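*Asks:* my questions are about this predicted structure, shown below with the sequence.
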Amino acid sequence: MNRIQEVTQKYEALIVDYRRDFHKHPELAHQEQRTAEKAAEVLEGLGIETIRKVGKTGVVGILKGKEEGKVLALRADMDALPIQEETGLTFSSVNKEVMHACGHDMHTAILLGCAHVLTELKEEIKGTIKFIFQPAEENNPIGGAPGMIVDGVLENPKVDAMLALHVWPQLETGRAAIKEGPIMGASDRIFITIKGKSSHGSEPENGVDTVAIASNVVSVLQSIVARNIGPLDAAVISICKIHGGMKYNVIADKVELEGTVRSIDPEIRNAMPEKIENLVKGVTSAMGGDYEFSYVKGYPPTINDADMTNLVFKTMQDVLGDGALIAEKAALGGEDFAFFAEKIPTAYFWLGCRDREIPFKDFAPIHNPKFNPDEDALAVGVELMVEAAL
């Protein structure tokens, strides 16, 4: 066992306590007052210079090492999701319809663990570590990273590079994965309103059936990916919300659809608005209806820097051995860490958090009310981040 492992093990129970406290008291985007204050108090207790209210509810800690050198930032997101928890844990959320269903409680606890370990190993730090506790990662399309950037999180001292992780139930605890280039997708939103004409349900010929039009739109939208995107490229169009109709026997005069568009390649992303609108226009026109269309760009793809990726992968090999993996492809989940990646060299990796005894198909995924990551992953995350930092 090396020094980093020894010190991490010393704080492991405390890190678990942090995670359970955050899990029990989740807060939505830009409402992370309690979480932020807890993080700030821990940092101050360690003697780390602490700055509050960066990007509204964000917190920044600055730890200077024994020697002068580069500035490395470690980032964790803090916000929860509007989900009613169903895990049955003794430390389940006490806040109605708010839950840490994406593991940000784990991320925040891991970063506090890093603060403890790096403070104890301060003599080995060659440069400066910035601890960034970021709000509102789930607040697509705005996010929390841009607000922190505007408030100067990358300055004073100027950040040279940044690391972040995300718990990943596709991987068992004790494994981690990374890849150079795109690792997370662009995350955009579409809003479609289909307009028609009401009539009695027994006389559809006297109206324009927006439910029928919407059904065709949803179905035909899939042809964009199937027939306009190359089979080796990644893109997804999903309509996830439909609202229309007021009564079982009245043809609806309006249906509203909302969905998400995910992609990796900038050219594909930029082509999506026109392709989608042309299809919506064609279907609604052919069926006698009208439409309104809005395409809102959200988070860009998260791009890993080559040198930073190599650094992190070497760290993974040192810590995890065969558990270090090169991801075959990017995920299409959105991540506002991408805004940091547009400014400075970054590396973002996936941390395994699934008990090895549970097959992935039986494990509740992120954004699920029963999501419950393995707490053994906390110490693994701390070891990886600290070793990469040193």
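*Replies:* Yep, it's here. Residues are numbered from 1 along each chain as shown.

*Asks:* low pLDDT regions in this protein?
*Replies:* Where the chain drops to pLDDT under 70, the residues are 1.

*Asks:* where do the helices sit along the stretch 51-200 of the chain?
*Replies:* For the stretch 51-200 of the chain, the helices defined by DSSP state H, counting those that start in this stretch cover 104-120, 145-150.

*Asks:* arrange those in a markdown table, one row each, with distance to Tyr11 as further columns.
*Replies:* Any C-beta I mention is one placed from the backbone N, CA and C, and that applies to glycine too. Below are the helices of the stretch 51-200 of the chain laid out as a markdown table (distance: least, CB to CB, whole Å):
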| stretch | distance to Tyr11 |
| --- | --- |
| helix 104-120 | 5 |
| helix 145-150 | 26 |
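
*Asks:* most packed of the ones you listed?
*Replies:* helix 104-120 (a mean of 26; mean count of other CB atoms under 10 Å).

*Asks:* so what's the gap between that one and the chain middle?
*Replies:* Here the centre of helix 104-120 is set off from its chain's centre by 18 Å, with CA atoms, centre = their mean, to the nearest Å.

*Asks:* hang on, the earlier thing: looking at the helices of the stretch 51-200 of the chain, which is nearest to Val54?
*Replies:* With CB to CB, the closest approach to Val54 among the helices of the stretch 51-200 of the chain belongs to helix 145-150: 5.3 Å.

*Asks:* helices or strands next to that closest one in the packing?
*Replies:* Here helix 145-150 touches strand 58-64, strand 126-134, helix 338-341, going by 3 or more CB pairs under 8 Å, 6 or more residues apart in numbering; DSSP states H and E.

*Asks:* and those as CSV, adding distance to Met287?
*Replies:* Formatted as CSV, the helices and strands packed on helix 145-150 follow (distance: least, CB to CB, whole Å):
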stretch, distance to Met287
strand 58-64, 48
strand 126-134, 45
helix 338-341, 38
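
*Asks:* could you dump those into CSV with distance to Asp374 and mean neighbour count added?
*Replies:* Putting those into CSV (distance: least, CB to CB, whole Å; neighbours: other CB atoms under 10 Å) gives the following:
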stretch, distance to Asp374, mean neighbour count
strand 58-64, 26, 24
strand 126-134, 23, 23
helix 338-341, 27, 24
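
*Asks:* any idea which of the ones you listed gets closest to Asp233?
*Replies:* The nearest among the helices and strands packed on helix 145-150, by CB to CB, is helix 338-341 at 18.4 Å.

*Asks:* care to break the chain down by domain?
*Replies:* Using automatic domain parsing, the domains assigned to the chain come out as 3-185+301-389, 186-298.

*Asks:* would you mind measuring the gap between the ends of the first one?
*Replies:* The reference is to domain 3-185+301-389. 14 Å (CA to CA, to the nearest Å).

*Asks:* and the contacts of stretch 263-275?
*Replies:* 182, 185-186, 188, 224, 228-229, 233-237, 261, 295, 297, 301, 330, 332 (CB atoms under 8 Å, 6 or more residues apart in numbering).

*Asks:* typo on my end, it should be stretch 149-163
*Replies:* 54-55, 58, 60, 62, 70-75, 128, 130, 132, 305, 308, 312, 339-341, 343-349, 385, 388-389.

*Asks:* residues of that stretch that come out buried?
*Replies:* 149, 151, 153-154, 159-163 (16 or more other CB atoms under 10 Å).

*Asks:* check stretch 180-200 too.
*Replies:* Applying 16+ other CB under 10 Å to stretch 180-200 flags 180, 182-190, 192-194, 196-199 as buried.

*Asks:* the closest residue to His166 other than its chain neighbours: helix or strand, and which one exactly?
*Replies:* Of all residues not flanking His166 in the chain, Trp350 sits nearest, at 5.9 Å (CB to CB, 6 or more residues apart in numbering). Assigned by DSSP states H and E, Trp350 falls within strand 346-354.

*Asks:* against which helices or strands is the next helix or strand along the chain from that strand packed?
*Replies:* Next helix or strand after strand 346-354 toward the C-terminus (DSSP H and E): helix 376-389. On a contact count with 3+ CB pairs under 8 Å, 6+ apart, helix 376-389 meets helix 3-24, strand 67-77, helix 104-120, strand 161-172, helix 306-320, strand 346-354.

*Asks:* tilt between helix 376-389 and strand 161-172?
*Replies:* 150 degrees (axes from the mean of the first three to the mean of the last three CA atoms, to 10 degrees).

*Asks:* between helix 376-389 and strand 67-77, how many degrees?
*Replies:* 150 degrees.

*Asks:* what are the buried residues along helix 376-389?
*Replies:* Going by 16+ other CB under 10 Å, helix 376-389 has these buried residues: 377-389.

*Asks:* stretch 245-260 too?
*Replies:* 245, 251-255, 257, 259-260.

*Asks:* which among the residues you listed gets closest to Gly321?
*Replies:* Thr260 (37.2 Å).

*Asks:* the closest one: which element?
*Replies:* strand 254-263.

*Asks:* just the CA coordinates for that strand, please, in CSV.
*Replies:* What follows is strand 254-263 as a C-alpha-only set of coordinates in CSV (Å, rounded to 0.1, in the frame of the first residue of the first chain):
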residue,chain,number,x,y,z
LYS,A,254,-52.8,21.3,-30.6
VAL,A,255,-50.0,18.9,-29.6
GLU,A,256,-46.8,19.9,-27.9
LEU,A,257,-43.6,17.8,-28.2
GLU,A,258,-40.3,18.2,-26.5
GLY,A,259,-37.2,16.2,-27.0
THR,A,260,-33.4,15.9,-27.0
VAL,A,261,-30.9,15.7,-29.8
ARG,A,262,-27.5,14.2,-29.0
SER,A,263,-24.4,14.2,-31.3
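
*Asks:* pull up the pairing partners for it, direction included.
*Replies:* strand 186-195 (antiparallel), strand 235-244 (antiparallel) (DSSP bridges).

*Asks:* dump the residue contacts of the nearest residue to Ile251 once chain neighbours are set aside.
*Replies:* Excluding its sequence neighbours, the residue lying closest to Ile251 (CB to CB, 6+ apart) is Gly207, at 4.1 Å. The contact partners of Gly207, by CB under 8 Å, 6+ apart, come to 196-200, 251, 253.
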